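Participant: Give me the fold of what follows.
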Amino acid sequence: MAEALTADICVVGGGPGGIAAALAAAAEGVPVVLIEKAAMGGANLAAGAIPSKALIAAADLFEALRLGPAVGVTGAPLQVNFGKVREHLTAVAEATAPYVSAERLTANGVKVVSGTARFTGRNTLAVGDLTVRARRFILAVGSLPAIPAIPGLDTVDYMTPASGGFDLARKPAHLIVYGAGRYALELAQAHNRLGIDTTVIADGSALPEADPELAAIVVDRLRAEGIRVRQNVTVASVARRKGGIRFLVADPAEAADGPGDGEIAIDGSHLLVVAGRTPDVENLGLAAAGIAHDETGIVVDRNLRTANRRVYAIGDAVAGPASVARAEYQAGRVVKSILFRWPFPDDPAAMPLAAFTDPALASVGLSEGEARRRHGQVRTLRFPFVENDRARIERLPAGVIKVVATRSGRILGAAIVGRNAGELIAPWSLAIANRLPLSAMADLVTPYPGRAAIARQVASMPEAGLTRPWRRRIIELLRKFG
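Facilitator: Below you'll find the predicted structure:
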């Protein structure tokens, strides 16, 4: 006889979003079961942000040591031991694993089941011989690397972050990174800084989700460091060659510079494909549960509820940028909706995105163009990092913050390019989520000297319009009294 399990909430997926949802429900004393078909922590731990950011940390340290002589710090000739770098990545993952383990969740009241889940009805699913029945389900199944339709790609050896993209024990002669999104450019720069000749190839613009003005600053920096960034090209084919692979691409930029059609050959020793993510929804039995989905993922409403009102979906499983922060944020909203029977709508505008390149690029809320389309006249403020004392102290003054607000001063969006942009965007995310005005940022007090003061500095600019005509009149009136 098949075993049966009953819970108030069943979470499918043991990545960051699923774990956050399960722990939030268990903390309220609600019976919750979590199902994970592979290792706990999901792709984030094995092939996502954890190993990639550990690689970036190693590359940033190398870059800092390389620039040491500029401030009078010198040492022995720098070298990179790729075996040791790989050990560093493994050590970071191993140190993180206990915090996302089944044992930790069990200790916090979550029933963890290992296996592949498949819906058998609107409120039941099966995991092997186990039947799970729940009042509500949360699908946090994550995503897989998207494989582009490039002629000949299936005939060559290539890596993705999930299939060994961080497992290079030896230095590649020439790494080609296909893709120019946030993740792709992070990895390209990290490898390049560790001494690997790197080329980026993309059929679209670099950092397509970012403000073009700020994205151009990142691309210019990558090119200055020696990375060949070929964006908006058409890949005719990819094929094997002795010692590696060959891309044949049509580059409009090349065609514009001289005669010919701009078709060029790019040879590399290794290929890393980082072309986005695709929702991991196959074999879930969604049809049996009456759940609609398309190529972007599971179809949900603004409350993240699927066509089956018992089932919610969060994170990479639904349309939107892949992000751990997004998955964990949505997990909290959904659990509140389930427990309190009250909608807590998803708010995409409050969700920050960050590219951990150097300079880093982060944004939250509306872009300048979107703000103008929705609100008509808006205020656009820019403040350069070079005017911040900390940036000059560290001799890293490259960067700018760009803020968009309504004419009345309510903050609509912010974008930052520069050192620590991923950290500096945090107060702006809070401001947008709480509909705060620029005056709130102008009152922000931060330790001196620090880059965080940039928030106050940009909000205090004359262009922010904090001194309104009526305030000026009051000031003039009071001045008459001495």
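Participant: I'd assumed residue 201 was in contact with residue 175.
Facilitator: No: assessed by CB atoms under 8 Å, residue 175 is found out of contact with residue 201, at 11.2 Å. The way it works is simple: take the backbone N, C-alpha and C, and place the C-beta from them, glycine included.
Participant: For the closest residue to residue 352 other than its chain neighbours, list the residues it contacts.
Facilitator: Sequence neighbours aside, residue 364 is the residue nearest to residue 352 in space, at 4.1 Å (criterion: CB to CB, 6 or more residues apart in numbering). By CB atoms under 8 Å, 6 or more residues apart in numbering, the contact list for residue 364 reads 349, 350, 351, 352, 353, 413, 414, 415, 425, 428, 429, 432.
Participant: Could you rerun that using 7 Å?
Facilitator: Residues counted as contacts of residue 364 (CB atoms under 7 Å, 6 or more residues apart in numbering) are 350, 351, 352, 413, 414, 425, 428, 429, 432.
Participant: Let's check: the centremost residue of the protein is which one?
Facilitator: The centre of the chain sits closest to residue 323, judged by CA atoms, centre = their mean, with a distance of 4.4 Å.
Participant: and the nearest residue to that residue once chain neighbours are set aside, what are its bridge partners?
Facilitator: Spatial nearest neighbour of residue 323, excluding adjacent residues (CB to CB, 6+ apart): residue 353 at 6.6 Å. Beta-bridge pairing of residue 353 under DSSP bridges involves residue 363.
Participant: where do the helices sit along the stretch 351-482 of the chain?
Facilitator: 368-375, 389-393, 421-424, 426-433, 438-442, 454-459, 469-479 (DSSP state H, counting those that start in this stretch).
Participant: Could you save the ones you listed as CSV and add columns showing distance to residue 28, mean neighbour count and mean pLDDT?
Facilitator: Converted to CSV, the helices of the stretch 351-482 of the chain look like this (distance: least, CB to CB, whole Å; neighbours: other CB atoms under 10 Å; pLDDT from 0 to 100):
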stretch, distance to residue 28, mean neighbour count, mean pLDDT
helix 368-375, 36, 14, 93
helix 389-393, 42, 16, 95
helix 421-424, 31, 21, 96
helix 426-433, 22, 20, 95
helix 438-442, 32, 20, 94
helix 454-459, 34, 23, 95
helix 469-479, 47, 9, 73
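Participant: show me the residues around the nearest residue to residue 210 once chain neighbours are set aside that make contact.
Facilitator: What sits nearest to residue 210 in space, not counting adjacent residues and going by CB to CB, 6+ apart, is residue 361, at 5.6 Å. Neighbour list for residue 361: 207, 210, 214, 215, 218, 355, 417, 421 [criterion: CB under 7 Å, 6+ apart].
Participant: Would you agree the fifth one is in contact with residue 359?
Facilitator: Yes: under the criterion of CB atoms under 7 Å, residue 218 makes contact with residue 359 at 6.2 Å.
Participant: who touches both of those two?
Facilitator: Residues touching both residue 218 and residue 359 (CB under 7 Å, 6+ apart) are residue 417.
Participant: what about the two, which has more around it?
Facilitator: residue 218 (25 against 22; other CB atoms under 10 Å).
Participant: Wait, a helix at that one?
Facilitator: Yes: under DSSP: H, G, I helix; E, B strand; the rest coil, residue 218 falls within a helix.
Participant: Distance of it relative to residue 141?
Facilitator: The gap separating residue 218 from residue 141 is 31 Å, by CB to CB, to the nearest Å.
Participant: what stretches of this protein score poorly on pLDDT?
Facilitator: Applying pLDDT under 70 to the chain flags the ranges 1-2, 164-165, 254-262, 465-471, 482.
Participant: Report the beta-bridge partners for the residue nearest to residue 384 when sequence neighbours are not counted.
Facilitator: Leaving aside its chain neighbours, residue 384 sits nearest to residue 400 (5.1 Å; criterion: CB to CB, 6+ apart). Going by DSSP bridges, residue 400 is paired in beta bridges with residue 384, residue 417.
Participant: pretty sure residue 400 is touching residue 387, no?
Facilitator: No: shown here, residue 400 and residue 387 do not form a contact pair, counting by CB under 7 Å, at 10.0 Å.
Participant: Those two: which is more packed in?
Facilitator: Using other CB under 10 Å, the more surrounded residue of residue 400 and residue 387 is residue 400, with 21 against 13.
Participant: For that one, give me its contacts.
Facilitator: Residue 400 is in contact with 382, 383, 384, 385, 417, 418, counting by CB under 7 Å, 6+ apart.
Participant: Out of the residues you listed, which end up buried?
Facilitator: Buried by 16 or more other CB atoms under 10 Å: 383, 384, 385, 417, 418, out of the contacts of residue 400.
Participant: From residue 399, how far off is the first one?
Facilitator: Going from residue 383 to residue 399 by CB to CB gives 10 Å.
Participant: Residue 402 touches residue 412, doesn't it?
Facilitator: No: here residue 402 lies out of contact with residue 412, judged by CB under 7 Å, at a distance of 11.5 Å.
Participant: for stretch 100-120, how far is the first residue from the last?
Facilitator: Stretch 100-120 stretches 28 Å from its first residue to its last (CA to CA, to the nearest Å).
Participant: What residues of that stretch count as buried?
Facilitator: Buried positions in stretch 100-120, judged by neighbour count with 16+ other CB under 10 Å: 100-102, 104-105, 109-113, 117-119.
Participant: Mind checking which of the residues you listed are in helices?
Facilitator: 102, 104, 105 (DSSP state H).
Participant: any idea which of the residues you listed is closest to residue 62?
Facilitator: residue 104 (33.7 Å; CB to CB).
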